[in-house]
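In: Kindly generate the corresponding structure for this input.
(chains A and B)
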Amino acid sequence: MWFRAEGSVGRWGFMLHRLTGLALSLYLGVHLVLLNQLRAGPGAWDAFVRLMRSPLILALDALLLGAAAFHGFNGLRLTLLGLGWAVRWQKVMLWASVVLAAACTVWVGARMICG
Amino acid sequence: MKAKAAMPSGSARGVLVWGLQAFSGVLLVAGIGLHWLAQHLVVEGGLRDYSQVVSYLREPLVLALETSFLVVVTTHALLGLRAILMDLGPTKRVERLLNLGLGLAGIGAVVYGIELTLELVR
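Out: Model prediction:
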């Protein structure tokens, strides 16, 4: 099964890709439901936005963006591998995905929370 | 080390689904970047208030981009969920039900998103 990640680094990358994909799919559903607040008008939406601007929520947003960044960069890696391209660089690309995702999380988190 | 997510070499349908998943994923790398930039990073406080949301969505190009983004992200997410569930080895009957359920969920999400958007910009 895909969630048994024992063995190679590549399998860890694959498992992490699926876990971040599941988390992002769940978030997509929640995000669409929360957007329904817009129907209730300016008062309800602006109160909701004030709640969403709390540092804890913004930190969670930054983590979410990190998950999306990893999923995106690693997805590009998996696409290249699927096409049989750059196979010898797959470990380097996996670590690059991790580093870029971490950098995105820190940069966006700092920007969102500190302004 | 073998590439686990290599393009399926079996059925034409499998290759098509893989291709659609990969293509929508590549579009999303740009789409999510743009969405995040427009909705969160360039906005003071990280989120648009009601009037900002409405005026943003009233731009025809933005409306087209956000609607396309919704279609692509929903397609990619549901194909990803399908891939995970297919790895559990469902029977043909369950696979058909799965395809139907995910297809309906996707159509529902897109119709809901478009209807909500149109209600806001009217």
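In: Show me which helix runs longest in chain A.
Out: Taking DSSP state H as the criterion, chain A has its longest helix at helix A:55-82.
In: do chain B as well
Out: Per DSSP H, chain B has its longest helix at helix B:92-121.
In: I'd like to know which elements it is packed against.
Out: Secondary-structure packing of helix B:92-121 (3 or more CB pairs under 8 Å, 6 or more residues apart in numbering or on different chains; DSSP states H and E): helix A:9-34, helix B:50-57, helix B:60-86. Heads up, the C-betas are built off the backbone N, CA and C, glycines and all.
In: buried stuff in it?
Out: Neighbour counts over helix B:92-121 (16 or more other CB atoms under 10 Å in any protein chain shown) mark B:Leu98, B:Leu102, B:Gly106, B:Ala109, B:Val110, B:Gly113, B:Leu116, B:Thr117, B:Leu120 as buried.
In: Tell me how many other residues surround B:Ala22.
Out: Neighbourhood size, B:Ala22 [other CB atoms under 10 Å in any protein chain shown]: 21.
In: just B:Glu44 next, same as before
Out: With other CB under 10 Å as criterion, B:Glu44 counts 9.
In: For chain A, see how far away it is.
Out: 8 Å (CB to the nearest CB, to the nearest Å).
In: pLDDT weak spots in the chain?
Out: No chain was given, so I picked chain A. For chain A, the stretches flagged by pLDDT under 70 are A:1-7, A:115.
In: hm, I was asking about chain B
Out: B:1-10.
In: Please identify the residues of it in proximity to chain A?
Out: Within chain B, the positions near chain A by CB under 8 Å from any CB of the partner chain are B:1-7, B:18, B:22, B:25-26, B:28-29, B:32, B:36, B:40-41, B:45-51, B:53, B:73-74, B:77-78, B:80-81, B:84, B:87, B:109, B:112-113, B:116, B:119-120.
In: who touches residue 98 in this structure?
Out: Just so you know, I chose chain A. By CB atoms under 8 Å, 6 or more residues apart in numbering or on different chains, A:Val98 lies in contact with A:Phe70.
In: ah, I was thinking of chain B
Out: B:Leu98 touches B:Arg82, B:Leu85, B:Met86, B:Pro90, counting by CB under 8 Å, 6+ apart.
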